[in-house]
Every structure is written in structure tokens, then in C-alpha cells.
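Undergrad: What would the 3D arrangement of this be:
(chains A and B)
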Amino acid sequence: MTSVLYDAPGPKAKRRNLIFSVVFFVLLALVLWWVWQVLDDKGQLEWSLWKPFTTADAWTTYLLPGLADTLKAASLAMVIALPLGAVLGIARMSDHRWVRVPAGAVVEFFRAIPVLLLMLFANEFFARSTGVSSADRPLYAVVTGLVLYNASVLAEVVRAGILALPKGQSEAAQAIGLRKSQTMSSILLPQAVTVMLPAIVSQLVVIVKDTALGGVMLGFTELLNSRGTLAANYANVIPSFIVVAVIFIVLNFILTSFASWLEGRLRRSKRGTGAVLGVEDVDDLNAAEVGGTHGAGAEK
Amino acid sequence: MFDFLSDYDDPSLLGAFWVTVQLTVFSAIGSLIWGTLLAAMRVSPVPLMRGFGTAYVNIVRNIPLTVIIVFTSLGLADIFGVTMGAPDDFELKYFRLAVLGLVAYTAAFVCEAIRSGINTVPVGQAEAARALGLSFSQVLRLVVLPQAFRSVIGPLANVLIALTKNTTVAATIGVAEAALLMKEMIENEAQTLLIGAVFAFGFVVLTLPTGLILNWLSKRLAVKR
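TA: A predicted model of the protein is given here:
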């Protein structure tokens, strides 16, 4: 294993690398040993605390319903935010200033605000102005918050996806006499959907992670919230945290890997235009990048 | 219209936003340091460090920040007895725990930004440095990282803005920052829309200049190739 930053190790470098490895290993081992000691001391390693996870009860009563709510909120948010985002993204590229400017303002506004503020506001709004029952309210509030935020992020994804397409596509469409709306709906959008697919899947990771906020702040019964109920029942704080973290990691890892696989496939594909909006572009779109170059995907 | 604001003085509106700013600044400094170290580990010649860096980034990026922050309170503070040097001052203790959680989370994103910056430095730069006989740490410190940093100011600005918004998660462990005050106000006062607008405006004010300044800086400092 060599990299451009260092040569293939000679005898001296091999020795030095070995020393670094040993020192680093000892440091890691010390930390792990301390963690183990504390956990043992506090009785968090006792089998009785871990045993619930081997029984069906803990899963069917707490973890699986929690996970189901997490997935429900995430998928609802995605399904609602996607068309909204598409409309906003396309509106932002309109030739008419009176469409472009308001759409741009909405997108920039909601991207600049923390999603928690949107959830808190939605929760209060539903409580005061609508007849949503208090049992359903957390779900509504979480989904509303997520939709408002993610629609504006997805608007940027859509815009970047369309901008990433080769210019020849819209020029050819103009040349054969298609109207602007026809160019968008039958030439650009269908191609942009493939370009955006990896970015959309990795945005799903962001949504899944943000549902946890609603669990703590609004009492939405998602996975992290169910962990609290479970830990209150079995008094297994650390084991329950580890199990819930592992579930989140596995779920998001599957989504990220799927997105990367899609991205690689699209990049290698001979049929498409080769334009793709990658997993890493999404990280940039999630921060409010004010006045910056939004079509980052286009240059890559 | 804004009378109700005077009912809140612990913390006041400005006080709460000041806590948000402090959370952002301390976490930004911490995650920049820890993230750079992680990036250095990920490109280092020592396999164990490379493995650790990769595992850390992949694990932390996939856990919700909320889980990490809540864990600093229920896990680190309650089980491990981590007091962050303030065993009696609860406010300070939870503030520091929140900073710790934010640093642990944000560093993974800083690491990835810097690593992608390292990849933008032309191969010839590192090769020339090696030809001069510089060691790995010298190549990294003197040649590659200074160029990499200049090209990642844009991505790092995005991380910083995301961090500013993420500080609201500290509300989950009771740090008296803007989101927690908004929750309290919006539940007790009648002017829902007005309160929402005030806090939204506060965050726009915090993120807008950061984005503008750092964008200008990134264009100014970008290595022209």
C-alpha cells in the first residue's frame, strides 16, 4: 500500500511505522480498557441488561415500533418533499423574475434555519390552529419540519441535477422546436432524475438522522425515543444506546452504500450522459451556501 | 408587539443566541483540530491509524447527532462520570458536554472535507516534496496541507454553517441556547408566528454573514491552477 504522500517504506520507515502502530494500539487499548472498567464497575456489562435484546419482547414492544416510526416519518417526508423540491428547483431556474426570485428566497430561507426550529414551530402551529389530535401531532410536526427543510435542499439537488446535464440536450430540444415546458418535462427532467438518484438516496440518510430530534424534543415515538422507554424498563442505559446506535449505523450504512453503488454505476454507464450528482455533493447542499456556486455537480 | 420578550431574562433572547454563538465557536475550533488529525490519520502510512480514521468517520457520520448529544448526558455524564471539569456547575457541565458531542460529530465532516482537499493537490507537489527527501509529516505539514486548506475553505464554510444549525440539538440536554428558549416561548406566548419569525431571523443573521465572508475568502485564497 503506497500513496503519493509517502514512499514504499524501507527498513527504517518500516521500523518507525511499527513503533507508531504499537504506540497507537496501546493508547486505543488503554481507552477501551478504561471504558470496560467503568462499564464493569457500574454493572452495565451484566448479562441481565443485555438479555432483553435476545428476547422477542424488547424488539416487538420497543425497538421495531420505534424503527417503524422512524422509517414512516422519513419516507413520508421524502415522498412529500420530493415533488415540492422539484417544483421549487424548477421555479428557481425560470426565465421570469417574479417566479425565480420568490422561489430562490423560499429555498435560501428554509435552508438557513435549523430543522428543529421548523419542527417546534410546526408542533405549536398544529396544536393551536388545527384539529390534529395530540397523539398524531408529533408525527405531523416532525414530517412538516423535515418537509420544509428537505424540500429546499432537494430543490437545490434538482437544480444542480438539471444544470449537470450537457448543454447540448436543451439546445437540441430548442432546435427541434420544443417549448420551454416541453424541454423541461420530456428532455431535462427525465434525465435529471437519474443524475440525482444517488444524491436523493443520500439525502434520505440526513432525513433518517433528523427524525431522532423529534423523538427527544417533541415526544415522537421513533427509535431514540423508544430507547428511553426501553431503558426505563430494563435499566440498561449503555446496552440500549449501543443497540440503537448500531441500528442507525446499519440502516444509514446500507443507504450510503446503495447511493455510492448507484453513483458508480451511473458514472460507468455508457448509455447516459455520464453526468451524475454524487453523494459528496449533498453535504455541500445541506448547508446554506449563500451566494456560492450552487451547481457544484456541473463542474465535476 | 414585542413586550413578551422582556419577560424572559434568564436567558434573554440575545443571551440565548450568545450561547448558540459560543457553542458554534468552541465546537468549530475543536472539530477543526480533531478533524485535521483524523484526516492526517486517514492518509498516513500507518495502517492501524488509517483503519481507525476510516472507521471513526464511517461510524460517526451514520449516527444521528441527537443520539450522540443525548449520550453525552445519559452515558458520559451519568454512567462514566465525565464532569468536564465542572462537577457542581450544571449549566457549564452540560454546555461543555454539548460541545464535546458537537466536536465528535462535526470532526467527521471536517475530516472528509480536508481529505477531499488533499486529493485536489496535484500529485507533482507531493512527488517533488518527496524528491527533496521530506518525510511524510513534512510533506503533509509543509507542502500538502497548506494548499489543501486553501482549497477547502468553501466546503469547510458549509460544515461551519451546518454546525451553527446543529447547535440547536444541544437543546435536547437542556443547554439554554436559542432553540430551547424558542420552545419555552412558543409554548407560553400567543404570538406563535412572531416568535418563529424572530428566531428564524436570528439564525439567518448568524449564517448569512458566515457564508458570505467565507465564500469571499475561499475565492480570494483559492490556489490558481
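Undergrad: Does stretch B:52-61 reach chain A?
TA: Yes: judged by CB under 8 Å from any CB of the partner chain, stretch B:52-61 comes into contact with chain A at B:52, B:58-59, B:61. All C-beta atoms are positioned from the backbone trio N, CA, C, and that covers glycine.
Undergrad: Now residue A:162: closest residue in space, sequence neighbours ignored.
TA: Sequence neighbours aside, residue A:192 is the residue nearest to residue A:162 in space, at 4.7 Å (criterion: CB to CB, 6 or more residues apart in numbering or on different chains).
Undergrad: And residue B:59, by the same measure?
TA: Nearest non-adjacent residue to residue B:59 (CB to CB, 6+ apart): residue A:249, at 6.0 Å.
Undergrad: Name the residues of the stretch 1-150 of chain A found near chain B, please.
TA: A:1, A:3-7, A:9, A:13, A:17, A:20-21, A:24-25, A:28, A:35, A:38-39, A:42, A:44, A:109, A:112-117, A:120-121, A:124-125, A:128.
Undergrad: Next step: those residues restricted to helices.
TA: A:13, A:17, A:20-21, A:24-25, A:28, A:35, A:38-39, A:109, A:112, A:115-117, A:120-121, A:124-125, A:128 (DSSP state H).
Undergrad: If you count neighbours, what's buried in the one helix or strand residue A:74 maps to?
TA: Counting by DSSP states H and E, the element that carries residue A:74 is helix A:64-92. Using 16 or more other CB atoms under 10 Å in any protein chain shown as the test for burial, helix A:64-92 gives A:65-67, A:69-70, A:73-74, A:76-78, A:80-82, A:84-86, A:88-92.
Undergrad: So which elements touch it?
TA: helix A:97-112, helix A:137-164, helix A:189-217, helix A:223-234 (3 or more CB pairs under 8 Å, 6 or more residues apart in numbering or on different chains; DSSP states H and E).
Undergrad: For chain B, which segments count as helices?
TA: B:13-42, B:47-62, B:65-71, B:90-120, B:123-131, B:136-138, B:145-151, B:153-166, B:178-188, B:192-221.
Undergrad: where in chain B is pLDDT low?
TA: Applying pLDDT under 70 to chain B picks out no residues at all.
Undergrad: could you redo the last one with a cut-off of 80?
TA: B:1-5, B:9-10, B:222-225 (pLDDT under 80).
Undergrad: what's the residue nearest to residue A:162 in contact with, if anything?
TA: A:158, A:161-162, A:164-165 (CB atoms under 8 Å, 6 or more residues apart in numbering or on different chains).
Undergrad: Dump those to JSON lines, plus pLDDT and neighbour count.
TA: Listed next are the contacts of residue A:192 as JSON lines, based on pLDDT from 0 to 100; neighbours: other CB atoms under 10 Å in any protein chain shown:
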{"residue": "A:158", "pLDDT": "93", "neighbour count": "27"}
{"residue": "A:161", "pLDDT": "91", "neighbour count": "30"}
{"residue": "A:162", "pLDDT": "92", "neighbour count": "26"}
{"residue": "A:164", "pLDDT": "88", "neighbour count": "25"}
{"residue": "A:165", "pLDDT": "90", "neighbour count": "21"}
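Undergrad: pull the helix or strand with minimum mean pLDDT from chain A.
TA: Ranked by mean pLDDT, DSSP states H and E, the weakest helix or strand in chain A is helix A:296-299, scoring a mean of 33.
Undergrad: distance of residue A:117 from residue B:121?
TA: 39 Å (CB to CB, to the nearest Å).
Undergrad: neighbour-wise, which of the two wins?
TA: Here residue A:117 and residue B:121 are compared on neighbour count by other CB atoms under 10 Å in any protein chain shown; more neighbours surround residue A:117, at 25 against 21.
Undergrad: My read is that that one contacts residue B:203, right?
TA: Yes: applying CB atoms under 8 Å as the test, residue A:117 and residue B:203 come out as touching, 6.9 Å apart.
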